[in-house]
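Student: Structure of the sequence below:
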Amino acid sequence: MARSGSLKYYIAVRCLLAPLMIWTATTIVFLLLRVIGGDPVEARLGPRVPPEIKQQMREQMGLTGPLWQQYLDYIGNLFRFNLGNSMETQGLSVNEIIVSYFPATIELAVISLAIAFFIGLGVGSLSASRPNSGWDLFGRLFGIITYAIPPFWAGMLMQLVFAVQFKWFPAGTRWPIGVDQPTAITGLYTLDSLLTGNLPQFGTAIYYLFLPCFTLGLLLSGIFERIVRVNLRQSLQAEFVEAARARGIGERRIIFVHALKNALIPVITILGLTLAALLGGALLTEVTFSWPGLASRLFQAISSRDYTTVQGIIVFFAAIVVVASILIDIISAYIDPRIRY
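Tutor: A predicted model of the protein is given here:
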């Protein structure tokens, strides 16, 4: 009963902290954009536009009042899930931009995360099960190199080799030009093609996803490899593993049934941190591969000084990271009671 109450208390505390963390992130974004960005209207329109038009745009954006009034209006709009209107595309709200571009980022992120997990799990398990061997050295180097390679450099190299040189995969697009896209249900091409039962479209979606997802997943796999290798090696030295060996259980079964199960608990915890790294890596990967996702749209807004869109997308990404971190903490607490407090 005490254990159940402890879990409920932990979940309640984490859920109560979520709004505080989102509010902190949104406040920091609000202040930084106004301190660093200067006058967004002046930066957007330039010196040649008449002052009357600039003043009209400031009034439309709510930038004429004092900073505290702008902040209250900003928080009030967030409570109504209103992220404002794009300065670049008049009449188009930031909410509509997110709905339009975010599905491409979801596909890229989810498949990349799956690739990163399975590559990291395989290399980490192989390295930990063969200590002080060539495989162990390979695992160490793999974790360091994949974590250190810049995503933009890896993306350009992968495109140069596999898209330009060998022409095995396409580059610079999400879907072939002139070919009918899957019927829009969720915005996810892979899922929409499966829901409509169109397997050729599903194959096309995977084909165009493979190169950017494999690139990003390979770079992030070093995080999982290092966590799996360290924790699996500790598990293999535990007493319950020695007891399993004494009972004559095979080494393969000990690794994959007994030790690996305990070694995967910290991997779940690291998923929240990986999500933040994934969003940062997705920005460079989407720009490098010209992938039409939300991170690429953020880069476009920064380049065109679309103040409102930059603010809205960053706040949206911050909310995703906070919510994902809370969910990961709850799942980790449910699996491992030792982390509750």
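Student: C-alpha only now, for contacts and for neighbours.
Tutor: Will do.
Student: tell me the average confidence for the longest helix along the chain?
Tutor: Longest helix of the chain, by residue count under DSSP state H: helix 199-236. For helix 199-236, mean pLDDT is 88.
Student: Show me which positions of that helix end up buried.
Tutor: By 16 or more other C-alpha atoms under 10 Å, the buried positions in helix 199-236 come out as 201-202, 204-206, 208-209, 211-229, 231-233, 235-236.
Student: what does stretch 321-337 give?
Tutor: Those would be 321-330, 332-334, for stretch 321-337 by 16+ other C-alpha under 10 Å.
Student: Same question for stretch 41-51.
Tutor: Applying 16+ other C-alpha under 10 Å to stretch 41-51 flags Val41, Glu42 as buried.
Student: Would you mind measuring the gap between the ends of that stretch?
Tutor: Terminal residues of stretch 41-51 are spaced 10 Å apart (C-alpha to C-alpha, to the nearest Å).
Student: Pull the residues that contact that stretch.
Tutor: Residues outside stretch 41-51 that contact it (C-alpha atoms under 8 Å, 6 or more residues apart in numbering): Lys54, Met57, Arg58, Ser304, Arg305, Asp306.
Student: where in this protein is pLDDT low?
Tutor: Scanning the chain for pLDDT under 70 picks out 1-5, 36-39, 43-44, 90, 258, 272-273, 276-277, 279-281, 335-341.
Student: let's see 50
Tutor: Counting by pLDDT under 50, the chain shows low-confidence ranges at 1-2, 341.
Student: Regarding Phe169, what is its secondary structure?
Tutor: Recorded secondary structure, Phe169: coil (DSSP: H, G, I helix; E, B strand; the rest coil).
Student: From here on, call the first residue 484.
Tutor: OK, 484 is where the count begins now, so the last one is Phe652.
Student: What separation do you get for it and Leu555?
Tutor: Distance from Phe652 to Leu555, by C-alpha to C-alpha: 49 Å.
Student: So which of these two has more stuff around it?
Tutor: Phe652 (17 against 11; other C-alpha atoms under 10 Å).
Student: hang on, the earlier thing: most neighbours of all the contacts of stretch 524-534, which one?
Tutor: Greatest neighbour count in those, by other C-alpha under 10 Å, goes to Asp789: 22 neighbours.
Student: so of the contacts of stretch 524-534, which ones are in helices?
Tutor: Mapping the contacts of stretch 524-534 onto helices (DSSP H) picks out Lys537, Met540, Arg541.
Student: Can you lay out these as TSV showing distance to Leu678?
Tutor: As requested, the ones in helices among the contacts of stretch 524-534 are arranged in TSV below (distance: C-alpha to C-alpha, whole Å):
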residue	distance to Leu678
Lys537	48
Met540	44
Arg541	45
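Student: right, and out of those, which lies closest to Glu769?
Tutor: Lowest distance from Glu769 to the ones in helices among the contacts of stretch 524-534 (C-alpha to C-alpha) belongs to Met540, with 30.9 Å.
Student: For that closest one, list the residues it contacts.
Tutor: Val524.
Student: Doesn't Trp636 lie inside a strand?
Tutor: No - counting by three-state DSSP, Trp636 falls outside a strand, being helix.
Student: quick one: contacts for it?
Tutor: If you count contacts by C-alpha under 8 Å, 6+ apart, Trp636 has none.
Student: Return the distance of it relative to Thr588.
Tutor: If you measure Trp636 against Thr588 using C-alpha to C-alpha, the figure is 20 Å.
Student: Check whether Trp622 really touches Leu604, as I assumed.
Tutor: For residue 622 the amino acid is Gly, not Trp. No - Gly622 is not in contact with Leu604 according to C-alpha atoms under 8 Å; the separation is 10.8 Å.
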